[in-house]
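Colleague: Show me how the following folds:
(2 chains)
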There are 2 protein chains.
Amino acid sequence: MTETDPSNSKDTFGDMSPDEFRRHGHRIVDWIADYLANPERFPVLAQVEPGFLKEALPDHAPEIGEPFERLLADFDRLIVPGITHWNQPGFLAYFATSGSAPGILGEMLSAALNVNAMMWRTSPSATELEEVTLTWLRKLIGLSGDFSGVIYDTASISTLCAIAAARENVKDVAVRERGLAGTPDHPNNIFLRMYASEQSHSSVERAGITLGIGQAGVRKIETDSEFRMDPKALVHAIYEDRAAGWTPFCVVATTGTTSTTSVDPVPAIAEICESEGLWLHVDAAYGGPAAILPEKRWILNGCDRADSLVINPHKWMFVPVDLSILYCRRMDVLRNAFSILPEYLRSKTSGEVQNFMDYGPQLGRRLRAIKLWFVMRYFGAEGLASRIREHIRLASEFASWVDQSPDFELTAPAPLSTVCFRANPASSRDGLNGEELENHLDRLNEQLMEQVNRTGRIFVSHTKLNGRFTIRLAIGNIRTAEPHLREAWDLFNEALEQIRS
Amino acid sequence: MTETDPSNSKDTFGDMSPDEFRRHGHRIVDWIADYLANPERFPVLAQVEPGFLKEALPDHAPEIGEPFERLLADFDRLIVPGITHWNQPGFLAYFATSGSAPGILGEMLSAALNVNAMMWRTSPSATELEEVTLTWLRKLIGLSGDFSGVIYDTASISTLCAIAAARENVKDVAVRERGLAGTPDHPNNIFLRMYASEQSHSSVERAGITLGIGQAGVRKIETDSEFRMDPKALVHAIYEDRAAGWTPFCVVATTGTTSTTSVDPVPAIAEICESEGLWLHVDAAYGGPAAILPEKRWILNGCDRADSLVINPHKWMFVPVDLSILYCRRMDVLRNAFSILPEYLRSKTSGEVQNFMDYGPQLGRRLRAIKLWFVMRYFGAEGLASRIREHIRLASEFASWVDQSPDFELTAPAPLSTVCFRANPASSRDGLNGEELENHLDRLNEQLMEQVNRTGRIFVSHTKLNGRFTIRLAIGNIRTAEPHLREAWDLFNEALEQIRS
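Modeller: Reported below is the predicted structural model:
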């Protein structure tokens, strides 16, 4: 096989030769090493227009295979300019899903082995390494041994599976067998309703839609002034709904909401769920890793009383996407919600071992545990804790700059690594008040965010709090350090200055 | 950072150094190259006992980080022996999900970039490369330009999304808003039912369960003597169900069923769906890539009249897991079935561009298109076709050996790359007949399969056809060639000889 004839003649079969793989693989490793050494040479938010790539690439696949060198050249020339660099330390938008080098090395091995971790026997190491690493992490965040875990791709799926288990757990309605509506000769006439705060992630409502519960079946509970679910309002809603003919079945509490990272009062919510017989699922997708720190363990207070909890190592634990974990105290119920065993998937070991395909909507499963194992071993518990602690310290620093500035203000408490703030300069307030002032500040802050994002130096996102535009700065990238935040702060102040003049 | 102190002291932050990444990365590339050069040095089916890895690893994460060298040594020593080698050319079980070197190289870059492809702006290249590669593949398999596509992880999710779109498409029932059961003051009293052949994949029934339609809402349609859905039985079922109060809404046809790779008569089924107003989803997860061959394009006959179709490049197109594609003629309906846009995900470009997060249950999405792009470009259309064609030729060869043997028999036609067969030696038939003989053959063939799998040379799986045990040999691995099948055939004959003596 030569470079100009890459194994594509009609009577040539098989893969790229191992030697050719070795050559390109080494080149890619060097590319990645250079990239990780200095991702700041790229603008964090891609500076391209819609259609840029579709116009640059042919509209059909090549008939004859191409030399791999040409693919790599196109990757550099066409793909990289259109990448928004989540690895850039200036990536402070959404929740920065931060990879790390040991995680990338783990992904390389997973891609090479290319196993489907659906059953124990389709790769025993995959199943058992999943069990081992999930026990390790469970202990790190201080969750009790009543919980077992399973790895999914995303928190959206983890939460969907948790709610599916909650649905399966409802007495007097055989959802799995007869569906939510029941059958023509045996209608259900049971109307399921679940609860989550109005600050809960969109994946909760989306799971309700997917599972057939519908938007009407997902009731949003008011939050207090610090964006935490109000337990009194939850109780009130449950009673009101029962009286109206609903069957409450599940509550989703969040420790670390997406907009403000507020932490719902899980102990009080757990109390309610226990006395009302509702499944409690905790969305700790972002906040969970903070519980590795002794001083932050409080964020999982009460979670041992939950039925399930999602935590995303791909969010704030330096594991490349995707890797989300659902911990569950009722794995039997979770299994009943999904398990189907056709003949072609039966094996002698069925029953003796776990087959993770039984615990979710997906049959096929990548070998995701290796990257988690590498990250936990390479950094160690202390190394993970020190990095997460530093992110919290940096957020707290940034919040203090905002707080001390006459031109900016915090719009929510910042208990973790995310700061919500907005510009509210005295000069803007001249002659404006009430609604008029707020509308002006919405426009000002949106303009400010766009101006800062256009620099390519940092990338922040936004949310609305109490209906008002607020800028969100989220720290989670393993490469983000104090100088990046100082630069971010300078950029905001400079942009505000420019807008004013 | 030194090897014995991997960046884990309390005041050290950041990632593994780029130089250290480079060193380990090169070592891993060499490992992979050696592995791909000769995966046959490992037994295909892992020869370990349940618990082997859990017992070998500590029960908690290390407090202090470990040198990466130690991790790699443990990978070799502990993980590899428990791997079932899907890369082994003797892997002939399930559907061999076959990776290839260009696909692995693509995964390396995706892991390094670590973008979340949820929105256009979170990496424009990810969204546009997904659009481009899906257009390329659509043309390769001859599907009309009415179809657009989206990449998911697995066929289970692709099919779930298709059925969710079908559900969303039902008139007179606002499933998304009010759920399948409706609300206490507005019950639905509509009972959805979908149809798939009794040979359809378990993911169809599982999707029905997940989506709240329930097992009762998934009616299995009889198949003919060659395991293809009987269109007359389908029509009969639809009319029977309507009369009984059901609302038929969706049919799933399969081109390449899991047990026998039978191809449902899609043109006749499309006709029925059109006249009855039902959504037609085609499961071409395994069979779809064969349509790249002009002489096999017939397997997608009628599919242009389907509403959606799933095809898995990670099954038989040399792309590492996971990568499943849903093509859909009604992307607006698919979007309505899932889209939710909270403030923190709004962006200026919303509306002008595609945000793939809107089309499924998952918000987070890996950048999967690179590996598909690399595989299509490196092999080219002709290179892909020649490999798939060779697999079909090999299966046909194997089937002819079975057919000509006095001791074995085919148990289903083998139109693609999978052969269903069993031993049925004349010697076994002495004095046995009917049920007694069949029970004997079930035991004989199970024993035969286990004996052959124990050799570690090949790995085959099984199914039941007409209630009887049948061995399945599926070719899909890019490294599988004629000598491997000759060896497989010898192993079966030797094992039968041993059992007989």
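Colleague: can you give me the strands in chain A?
Modeller: With strands called from DSSP state E, chain A shows them at A:91-92, A:148-152, A:182-183, A:186-187, A:191-197, A:218-221, A:246-254, A:279-283, A:308-311, A:324-328, A:408-410, A:418-423, A:459-465, A:468-474.
Colleague: Out of the ones you listed, flag the one nearest B:G360.
Modeller: In terms of C-beta to C-beta, the element of the strands of chain A nearest to B:G360 is strand A:148-152, at 13.6 Å. For glycine as for every other residue, the C-beta is placed from the backbone atoms N, C-alpha and C.
Colleague: So what's the gap between the closest one and the chain middle?
Modeller: Strand A:148-152 sits 15 Å away from the centroid of its parent chain (C-alpha atoms, centre = their mean, to the nearest Å).
Colleague: now swap in stretch A:83-97 and tell me
Modeller: With C-alpha atoms, centre = their mean, you get 13 Å for stretch A:83-97.
Colleague: how far does it stretch from start to finish?
Modeller: The first residue of stretch A:83-97 is 15 Å away from its last residue (C-alpha to C-alpha, to the nearest Å).
Colleague: got the contact list for A:E205?
Modeller: Neighbour list for A:E205: A:A196, A:Q215, A:V218, B:I340 [criterion: C-beta atoms under 8 Å, 6 or more residues apart in numbering or on different chains].
Colleague: From what I see, A:V452 and A:A495 are in contact.
Modeller: Yes. Counting by C-beta atoms under 8 Å, A:V452 touches A:A495, with 5.2 Å between them.
Colleague: For those two, indicate the residue with more neighbours.
Modeller: Each of A:V452 and A:A495 has its neighbours counted (other C-beta atoms under 10 Å in any protein chain shown); A:V452 has more, 23 against 20.
Colleague: residues in contact with that one?
Modeller: A:I458, A:V460, A:A488, A:L491, A:F492, A:A495.
Colleague: Need the buried ones from these selected in ChimeraX.
Modeller: In ChimeraX, this line selects whichever of these come out buried by 16 or more other C-beta atoms under 10 Å in any protein chain shown:
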select /A:458,460,488,491,492,495
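Colleague: Nearest residue to A:D442 in space, ignoring adjacent ones along the chain?
Modeller: Distances taken as C-beta to C-beta, 6 or more residues apart in numbering or on different chains place A:F469 nearest to A:D442, at 4.2 Å, with adjacent residues excluded.
Colleague: what does the stretch 201-350 of chain A put close to chain B?
Modeller: A:201-203, A:205-217, A:244-246, A:258-259, A:314, A:318, A:320-322, A:324, A:337-338, A:340-345, A:348-349 (C-beta under 8 Å from any C-beta of the partner chain).
Colleague: just the buried members of these?
Modeller: Taking 16+ other C-beta under 10 Å as the criterion, what is buried in these is A:201-203, A:205-217, A:246, A:258-259, A:314, A:318, A:320-322, A:324, A:337-338, A:340, A:342-345.
Colleague: Send over stretch A:317-328 as CSV, restricted to the C-alpha atoms.
Modeller: C-alpha atoms of stretch A:317-328 as CSV (Å, rounded to 0.1, in the frame of the first residue of the first chain):
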residue,chain,number,x,y,z
MET,A,317,-14.0,16.1,36.2
PHE,A,318,-11.6,16.4,33.2
VAL,A,319,-13.0,13.4,31.3
PRO,A,320,-13.6,14.0,27.6
VAL,A,321,-17.3,13.8,26.4
ASP,A,322,-19.2,11.7,26.6
LEU,A,323,-19.5,10.1,30.1
SER,A,324,-22.4,10.5,32.4
ILE,A,325,-23.1,8.3,35.4
LEU,A,326,-26.5,7.4,36.9
TYR,A,327,-26.2,6.2,40.5
CYS,A,328,-29.3,4.3,41.6
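Colleague: For it, what does the pLDDT average out to?
Modeller: The average pLDDT within stretch A:317-328 is 97.
Colleague: cool, and stretch A:385-399?
Modeller: Rounded mean pLDDT across stretch A:385-399 is 97.
Colleague: winner for burial among the strands of chain A?
Modeller: Most buried of the strands of chain A, by mean neighbour count (mean count of other C-beta atoms under 10 Å in any protein chain shown): strand A:308-311, with a mean of 30.
Colleague: Which neighbouring elements make contact with it?
Modeller: helix A:155-168, strand A:279-283, strand A:324-328 (3 or more C-beta pairs under 8 Å, 6 or more residues apart in numbering or on different chains; DSSP states H and E).
Colleague: Determine how far stretch A:211-224 lies from the middle of the whole chain.
Modeller: Centre to centre, stretch against its chain (C-alpha atoms, centre = their mean), the figure for stretch A:211-224 is 20 Å.
Colleague: Over to stretch A:459-479?
Modeller: 15 Å.
Colleague: repeat for stretch A:454-463
Modeller: Distance, centroid of stretch A:454-463 to centroid of chain: 19 Å (C-alpha atoms, centre = their mean).
Colleague: CA atoms only for it - export them in CSV, please.
Modeller: Below are the C-alpha coordinates for stretch A:454-463, written out as CSV (Å, rounded to 0.1, in the frame of the first residue of the first chain):
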residue,chain,number,x,y,z
ARG,A,454,-16.1,38.7,19.3
THR,A,455,-12.5,39.2,20.5
GLY,A,456,-12.0,35.5,20.4
ARG,A,457,-10.1,35.7,23.7
ILE,A,458,-12.9,34.5,25.9
PHE,A,459,-16.3,33.0,25.4
VAL,A,460,-19.1,33.5,27.9
SER,A,461,-22.8,32.7,27.6
HIS,A,462,-25.9,34.1,29.2
THR,A,463,-29.2,33.3,30.9
